[in-house]
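J.: Sharing a sequence plus its predicted fold:
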Amino acid sequence: MKLTARSLIATALAAAIVSTGVAAEDVKVGALMGITGPLANFIPPILNAAKLAEADVNAGGGILGGGKFTLVVSDGQAAAQPSVDAASKLVNLENVAAIMGGLSSGATVAAANAVSIPNKVLQLSPTATTPVMTDMEDDDYVFRIVPSDNYQGRVLAKIVLDEGIKKVAVAYVNNDYGVGIAGTFKAAYESMGGTVAAYEKHEDKKNSYRGELATMAGSGAEALVVIAYAGGSGAKIVKQSLENGFFDRFIGTDGLRDDILIEQVGADALATSFFSAPTSPADNPIAGPFHERFDKAYGEGSDKPFVDQSYDATMLIALAIEKAGSTDRTAIRDALREVSNAPGEIIQPGEWNKAVKLIAAGTDINYEGVSGQHEFDAAGDVSGYIGKFIVKGDTYEQIGIFE
Amino acid sequence: MTADGLFFYFVAFMTMGGIYAILCLALNMQWGFGGLFNAGIAGFYAVGAYTGAILTSARSASHVGGFDLPIVVGLIVAGILSGLVGWAIARICVRLKADYLAMASIGIAEIIRLIVVNEEWLTNGSLGIAGIPRPLEKLFNGREAELVFVVFVWILVAVTYLVAQRLRVSPWGRVMRAIRDNDVAAASIGKDIQRFQTETFIVGAVFMGIAGALSAHYFKFFSPDATEPLLVTFLTWVMLIAGGSGNNRGAIAGALIIWAIWSLTEMLTNQLPTEWATRSAYIRMLLIGLFLQFVLQRFRSGLVPEKPPELRPR
């Protein structure tokens, strides 16, 4: 009896020690960014968004019982060799719990294959759209929160057919963006009964595309699908088509859906044209307040590409770590789907404190971010939303949304 | 920072460093021994990488092949094809004086890059080739696989070094140095300058191709952005010049030292306040430039200068 009492006390003491002894653990997460190199211009707002997520976690009471959540920023120069080196430093020297990043596809895949997968570290890219990542043998350590290029191509094919356009010409830029979307668009469009009358790739940043356009105009297509960046070749192609009377109706992807296009060709000329772009869910009430908060913190930039995704990716990693309850890298991987996928109590940006309490109470949570709901499938991909846009006045208006 | 973290960083460092060491030894054969200014290293690297990738990857609908051949076969064919490209270029360009050869080789590297980006049936264009295997992948996984690969890379560095050393002390190497230092004098004693220069260009190209194939196996994925001239051609030149052109050990030392600076300066700039995150990356580039200035000013002929081999008595 005495013994039992003593052991009871000992157990109680031990429990007390354990419960107070769960010292707050500081957590480091790597941000693999292409700070120098070809994507340099995009980086400041993307990095600010990740920093905002970091600040939200710390302001909301910290991570793993009040620990400090720190982003370790690393420069992968948006190319394979330096990204592998940068990821290796993050994982081995900084001992990060997970990696947010890889921006360009080549850098992301190389860093994942050479570092994240062998070292069993979760890598979540906010921007890499290459179809390669879907089929990668990654032991489930590699995720992304943008739809694969395949996805936008397929949805665009459906949008075009819904408009009653049965015959198109496709002009696409010769890089992974253009080739990826154009290929899946063509396959999906033809399988649904459309005809691709002409299919031409072009190099970015030339002065004249009249030669290619004249060939395509002779094909009898009803409209021209332009898969290119407005600031690169896209706006020039539209302008030269109009000037020479090759085409008067255009269909563009998110690269073309840029204010530069309206500035250069005018809204009237684009009256019958329409565009597709990844978008937030139609009734997403999260985006507005988030963008206001972002602009208040950093002055500007909330409308820049991949700001939403960068915030969401950082937040999802933080939630997965909190859910895992430690910096065990495999546990974090396993927790990611639990915090991001339905079902569960919905958590929105800025609700870190609420999320922590729910996780502590053992409630399942489901993060719904600025850029979408992020339901990861078995390959670590998300489906996301593609919006249909038309030109109205001097800006774009979303008139439809497709899943 | 933990002990095994440090160790596996070292493993990753030596893997990339080893690949650069092979590139650097190969350039040393062309420039250090032969005085041939090859500014198109990225071209040979790409030929090797894509050859290795296409031959060893599993069958794919998006590009020619893959043929699922053993990695050793891939490496050998990568070397041979890169050497053949080297032969073709040497036939056309090797008679040109140094600066013209540099221009011609830049042009050819650019042609190869455009082929790689545009011939989708061959290389899958800008989407790249995925699913490239690594040696003994089935037997090891995770961090063990990293160890296996670094050993594999350094076996090839050793082979490259032995070949380069043997060439250096051979009569052929002496002729090459004579041609480099005074081609008219070498011609006057009956040496066929063009033949020797073609040979040295081919040998260098073979090893550049092998280095390319190794990179493809390391990344298990290869797309055109990994053939960026800044990261391949320029960096290899910097390594050779800083290490000591003409000296094989200097070439390896230069590769490791420059790669260390490239890699480790980030740790310095990471100490800067976080608001500086975007700026620190540029400060790092500045530091690398400053170090190079220092080496080039202080050690004119590189950290490990060339020593002509002693004649061996018969």
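T.: Alright, I've got the coordinates.

J.: confidence score at A:Ala12?
T.: As predicted, A:Ala12 sits at a pLDDT of 47.

J.: what's the answer for B:Phe219, then?
T.: Looking at B:Phe219, its pLDDT is 94.

J.: Show the contacting residues for it.
T.: A:Ala80, A:Val84, A:Val109, A:Ala110, A:Asn113, A:Ala114, B:Ile132, B:Ala226 (CB atoms under 8 Å, 6 or more residues apart in numbering or on different chains). For glycine as for every other residue, the C-beta is placed from the backbone atoms N, C-alpha and C.

J.: Could you pull up the residues touching the nearest residue to it once chain neighbours are set aside?
T.: Using CB to CB, 6 or more residues apart in numbering or on different chains and skipping residues adjacent in sequence, the residue nearest B:Phe219 is A:Ala110, 4.0 Å away. A:Ala110 sits next to A:Ala80, A:Gln81, A:Ser83, A:Val84, B:Phe219, B:Lys220, B:Phe221, B:Ala226 when contact means CB under 8 Å, 6+ apart.

J.: now A:Ala297
T.: Contacts of A:Ala297 (CB under 8 Å, 6+ apart): A:Asn48, A:Leu52, A:Ala55.

J.: list the contacts for the second one?
T.: Applying CB under 8 Å, 6+ apart to A:Leu52 gives the contacts A:Arg293, A:Phe294, A:Ala297, A:Tyr298, A:Tyr311.

J.: Save those as CSV, and put in pLDDT and secondary structure too.
T.: As requested, the contacts of A:Leu52 are arranged in CSV below (pLDDT from 0 to 100; DSSP: H, G, I helix; E, B strand; the rest coil):
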residue, pLDDT, secondary structure
A:Arg293, 92, helix
A:Phe294, 93, helix
A:Ala297, 91, helix
A:Tyr298, 90, helix
A:Tyr311, 95, helix
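
J.: Got phi/psi on residue 246?
T.: Since no chain was named, I'll use chain A. With angles defined as degrees, to the nearest 10, A:Phe246 sits at phi -70, psi -50.

J.: look at chain B instead
T.: Backbone geometry at B:Gly246, expressed as degrees, to the nearest 10, gives phi 100, psi -20.

J.: For the spatially closest residue to A:Glu368 that is not a sequence neighbour, name its beta-bridge partners.
T.: Sequence neighbours aside, A:Ile346 is the residue nearest to A:Glu368 in space, at 5.5 Å (criterion: CB to CB, 6+ apart). Beta-bridge pairing of A:Ile346 under DSSP bridges involves A:Asn366.

J.: Check the burial of A:Ile346 by counting its neighbours.
T.: Close neighbours of A:Ile346, defined as other CB atoms under 10 Å in any protein chain shown, add up to 13.

J.: Spit out the contact partners of it.
T.: A:Ile365, A:Asn366, A:Tyr367, A:Glu368.

J.: In JSON lines, list the contacts of A:Leu52 along with distance to B:Ala53.
T.: Converted to JSON lines, the contacts of A:Leu52 look like this (distance: CB to CB, whole Å):
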{"residue": "A:Arg293", "distance to B:Ala53": "45"}
{"residue": "A:Phe294", "distance to B:Ala53": "41"}
{"residue": "A:Ala297", "distance to B:Ala53": "44"}
{"residue": "A:Tyr298", "distance to B:Ala53": "42"}
{"residue": "A:Tyr311", "distance to B:Ala53": "36"}
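
J.: Only the buried subset of those residues, as a PyMOL command please.
T.: PyMOL command restricting these to the buried ones, with burial defined by 16 or more other CB atoms under 10 Å in any protein chain shown:
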select buried, chain A and resi 294+298+311
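
J.: just the contacts of A:Leu52 now: which is nearest A:Lys166?
T.: Lowest distance from A:Lys166 to these (CB to CB) belongs to A:Tyr311, with 40.7 Å.

J.: Next one: that closest one from chain B, what distance?
T.: Taking CB to the nearest CB, to the nearest Å as the measure, A:Tyr311 falls 16 Å from chain B.

J.: who are the neighbours in contact with the nearest residue to that residue once chain neighbours are set aside?
T.: Excluding the flanking residues, the one nearest A:Tyr311 by CB to CB, 6+ apart is A:Ala49, at 4.2 Å. Residues in contact with A:Ala49, defined by CB under 8 Å, 6+ apart, are A:Phe294, A:Phe306, A:Val307, A:Asp308, A:Ser310, A:Tyr311, A:Thr314.

J.: If we use 6 Å, what do you get?
T.: The contact partners of A:Ala49, by CB atoms under 6 Å, 6 or more residues apart in numbering or on different chains, come to A:Val307, A:Ser310, A:Tyr311.

J.: what's the answer for A:Val307, then?
T.: Neighbouring residues of A:Val307 by CB under 6 Å, 6+ apart: A:Pro45, A:Ala49.

J.: Which residues of chain A lie near chain B?
T.: Chain A has residues A:35-36, A:44, A:73, A:75, A:79-81, A:85, A:88, A:92-93, A:95, A:106, A:109-110, A:113-114, A:118, A:132, A:175-176, A:179 near chain B, with proximity defined as CB under 6 Å from any CB of the partner chain.

J.: thinking again about what came up before, what about the residue nearest to B:Phe219, which helix or strand?
T.: helix A:105-111 (DSSP states H and E).

J.: mind exporting that helix as PDB, just the C-alpha atoms?
T.: Extracted in PDB, the C-alpha atoms of helix A:105-111 (Å, rounded to 0.1, in the frame of the first residue of the first chain):
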ATOM      1  CA  SER A 105      10.700  24.000 -61.500                       C
ATOM      2  CA  GLY A 106      14.200  22.900 -62.400                       C
ATOM      3  CA  ALA A 107      15.600  24.200 -59.100                       C
ATOM      4  CA  THR A 108      12.800  22.600 -57.100                       C
ATOM      5  CA  VAL A 109      13.100  19.200 -58.600                       C
ATOM      6  CA  ALA A 110      16.900  19.100 -58.400                       C
ATOM      7  CA  ALA A 111      16.900  20.200 -54.800                       C
END
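
J.: Report the mean per-residue pLDDT for that helix.
T.: For helix A:105-111, mean pLDDT is 92.

J.: ditto for stretch B:304-314
T.: On average, stretch B:304-314 scores 76.

J.: can you check stretch B:122-139 too?
T.: 88.

J.: sorry, back to before: quick check, nearest of the contacts of A:Ala297 to A:Glu263?
T.: The shortest approach to A:Glu263 among the contacts of A:Ala297 belongs to A:Asn48, at 25.9 Å (CB to CB).

J.: ranges for the strands of chain A?
T.: A:27-33, A:69-75, A:98-101, A:122-125, A:142-144, A:167-173, A:195-202, A:223-227, A:250-252, A:274-279, A:345-347, A:365-367, A:385-392, A:395-402 (DSSP state E).

J.: How about chain B?
T.: Counting by DSSP E, the strands of chain B are B:129-130, B:221-222.

J.: how about those strands in JSON lines, adding distance to chain A and mean neighbour count?
T.: JSON lines is the format used below for these (distance: least, CB to the nearest CB, whole Å; neighbours: other CB atoms under 10 Å in any protein chain shown):
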{"stretch": "strand B:129-130", "distance to chain A": "4", "mean neighbour count": "26"}
{"stretch": "strand B:221-222", "distance to chain A": "4", "mean neighbour count": "30"}
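
J.: Correct me if wrong: B:Ala53 contacts B:Phe222.
T.: Yes: the criterion here is CB atoms under 6 Å, and B:Ala53 meets it with B:Phe222 at 4.9 Å.
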